[in-house]
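Participant: attaching a predicted model along with its sequence, questions to come.
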Amino acid sequence: MPLSPKPYESWCKDDLDSLILDPPAVESARVEFKMTYELFAEGKEEKERVQLAVLKDISAMANGSGGSILIGVRQTPNPDMLPMAVAIVGVTEAEKIKKAVESLVATHLDMRPGALKWHTIPHRPDRQVLIVEVPQNTYSLSMVTLKGVNQFWIRRGTDNRLMTTDEIQYRFGDFVKVRDSASAAMDHILDCDLSGYTGPLVWFVAVPIARHRDNVPVDLLRIGSALESSCYREAFPERASDPECGAAGLYGKGLKPCLNGAKFEKVIDGTVVLEIRRDGTVIFGSSVESYAPPGHQTHSDQEEAKAYHKLESIYEVLYRGLCVLADIQRAFGIGRLCIAQAIVRKCNDSPIFVSQARRGARTVGPLEDSDTRLSRIMLEDSWVPRGVFMVWAKELANALGCEQCIVLPPWVP
């Protein structure tokens, strides 16, 4: 029988037993059966042989189409027969095997694949089947580096084999094309006419590096639910419950279908734009709060004073955009590799007011350019909102000439 279509986290003993029913499950380019990995065998040569086998399996699957390795499933021993599952034997040291494999990958794969995803499925009281999902490489190749070995492996059919020089060059060229395509899509989005929006506007865009199997279905309830339970709310529950903070979860209630996916748009009492496209692209924009610092006259009908904008408000919009992206990636299981960029647009002559802990306050700015583009960053599988945010926060402080004295807002974790 083919593998159960259920996600591995939902598997149980019955799903494992179905692998060996008539007809039994067969290995493929994306599925491999292993009785076990003898990672703890005595003897240096035997241990190194097993370690190299593990690294070949992980790198070959990552350099190919990705897939899963089911550890604790015995297959047909005859190499001339189809590699079919014949028995569920399980393993007794699942957690130990997992840690050993993770250590090998971290130490002996140059350009590691995305984060491995592990599942432990009980089969008997003392035995489990350990399943590891290996993501497909979409921006580089993983090279095995162990005891002087420097090799690129790839999975073809049910076998692992060394990649040829031509294959390696072709794949790296393909990665460049994918990244260029994502960059071109981002440039097109960032060049859109925003004259109809009020400003200044902080604009955040993240374009995935294509993984064709991943998509965000236009399911407004599911998207809204993901935003309602946002990692922003988890990090700042006291702020997220305040509507004035514009918490990411609040946007899920106003999403509507659009040509590319789902969109929320508000241009009254402040601009907010959120678009979540089917391919995983996230576009988020929000106007920045205007206010008058101490001793500054607010605008009147006779004379309109320059609006001031808190640097903290710009920071918060950037962080909310990153949280929305993380929420969508987590909720729909899509690839986390993408290119992200942020822009502060249409600041004109409006100064930015910087709050200083223990120093009162000072006014800096304006930003020299009407469009201040922060660095374009390629996010990897292990990215977290805070890490990307800190890069942009420091760049913005540097653009204002105050990186040495800026105090980040207290809500930054």
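Facilitator: Sure thing, it's come through.
Participant: please count neighbours and contacts with C-alpha atoms only from this point.
Facilitator: Will do.
Participant: tell me the contacts of the spatially most central residue of the chain?
Facilitator: In the chain, the centroid-proximal residue (Cα atoms, centre = their mean) is Arg336; its distance is 2.4 Å. Residues in contact with Arg336 (Cα atoms under 8 Å, 6 or more residues apart in numbering) are 208, 329, 379-383.
Participant: so what's the residue count around the residue lying closest to Arg345 once chain neighbours are set aside?
Facilitator: Closest residue in space to Arg345, ignoring its immediate chain neighbours: Asp371 at 4.5 Å, by Cα to Cα, 6 or more residues apart in numbering. By the criterion of other Cα atoms under 10 Å, Asp371 has 16 neighbours.
Participant: and Glu102, by the same measure?
Facilitator: 12.
Participant: start the count at 58, not 1, going forward
Facilitator: Fine by me, first position is 58 from now on; the one you just mentioned is Glu159.
Participant: where does the stretch 108-257 of the chain dip in pLDDT?
Facilitator: 251-256 (pLDDT under 70).
Participant: which stretches in it count as helices?
Facilitator: Remark: helices assigned in the stretch 108-257 of the chain by DSSP state H, counting those that start in this stretch are 151-165, 222-247.
Participant: endpoint to endpoint, stretch 160-172 covers what distance?
Facilitator: 12 Å (Cα to Cα, to the nearest Å).
Participant: name the residues that touch that stretch?
Facilitator: With Cα under 8 Å, 6+ apart, stretch 160-172 has contacts from 108, 112, 115-116, 119, 191-194, 197-203, 437-439.
Participant: swap in 6 Å and give it another go.
Facilitator: Stretch 160-172 is contacted from outside by 192, 194, 199-203, 438, using Cα atoms under 6 Å, 6 or more residues apart in numbering.
Participant: and Lys63, how far from Leu312?
Facilitator: Lys63 is 29 Å from Leu312, where distance means Cα to Cα.
Participant: low-confidence ranges, the stretch 258-407 of the chain, go.
Facilitator: 267-271, 290-310, 325-326, 348-365, 404-406.
Participant: switch to 50 and redo it
Facilitator: 301-306, 355-362 (pLDDT under 50).
Participant: for it, what spans make up the helices?
Facilitator: Under DSSP H, counting those that start in this stretch, the stretch 258-407 of the chain gives helices at 277-285, 288-292, 294-297, 368-389.
Participant: tell me which of those helices sits most buried.
Facilitator: Ranked by mean neighbour count, those are led by helix 368-389 with a mean of 22 (mean count of other Cα atoms under 10 Å).
Participant: please state the offset of that one from the chain centre?
Facilitator: 12 Å (Cα atoms, centre = their mean, to the nearest Å).
Participant: show me the contacts for Gly337.
Facilitator: Applying Cα under 6 Å, 6+ apart to Gly337 gives the contacts Val273.
Participant: how much space between it and Asn272?
Facilitator: With distances taken as Cα to Cα, Gly337 is found 6 Å from Asn272.
Participant: also Cys380?
Facilitator: 18 Å.
Participant: burial of the closest residue to Val88 other than its chain neighbours, as a residue count?
Facilitator: Spatial nearest neighbour of Val88, excluding adjacent residues (Cα to Cα, 6+ apart): Ser125 at 5.1 Å. Using other Cα under 10 Å, Ser125 has 24 neighbouring residues.
Participant: beta-bridge partners for Ser125, please?
Facilitator: Residues in a beta bridge with Ser125, per DSSP bridges, are Val88, Glu190.
Participant: what's the answer for Thr429, then?
Facilitator: Val401.
Participant: just the pLDDT for it.
Facilitator: Thr429 is assigned a predicted lDDT (pLDDT) of 84.
Participant: and for Ser432?
Facilitator: 90.
Participant: what's the burial count for it?
Facilitator: 15.
Participant: for Pro442, see how far away the residue lying closest to it once chain neighbours are set aside is.
Facilitator: The shortest distance from Ser432 to any non-neighbouring residue, by Cα to Cα, 6+ apart, is to Gln398 (6.2 Å). Distance check for Gln398 against Pro442: by Cα to Cα, it reads 13 Å.
Participant: ok, the nearest residue to Lys70 once chain neighbours are set aside to Val189 distance?
Facilitator: Nearest residue to Lys70, sequence neighbours excluded (Cα to Cα, 6+ apart): His180, at 5.2 Å. Using Cα to Cα, one gets 16 Å for the distance from His180 to Val189.
Participant: repeat for Pro274
Facilitator: 26 Å.
Participant: ditto for Thr222
Facilitator: Thr222 is 29 Å from Val189, by Cα to Cα.
Participant: which one's more surrounded, the two?
Facilitator: Neighbours were counted for Thr222 and for Val189 using other Cα under 10 Å; Val189 has more, 20 against 9.
Participant: list the contacts for the more buried one?
Facilitator: Val189 neighbours (Cα under 6 Å, 6+ apart): 125-126, 174-175.
Participant: for PyMOL, write the select line for the buried members of the residues you listed.
Facilitator: Buried members of the contacts of Val189, defined by 16 or more other Cα atoms under 10 Å, are picked up in PyMOL with:
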select buried, resi 125+126+175
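Participant: got a list of contacts for stretch 204-213?
Facilitator: Taking Cα under 6 Å, 6+ apart as the rule, stretch 204-213 contacts 117-118, 120-121, 200-201, 217-220.
Participant: could you rerun that using 10 Å?
Facilitator: 85-87, 105, 109, 112-124, 165-167, 198-202, 217-222, 224-225 (Cα atoms under 10 Å, 6 or more residues apart in numbering).
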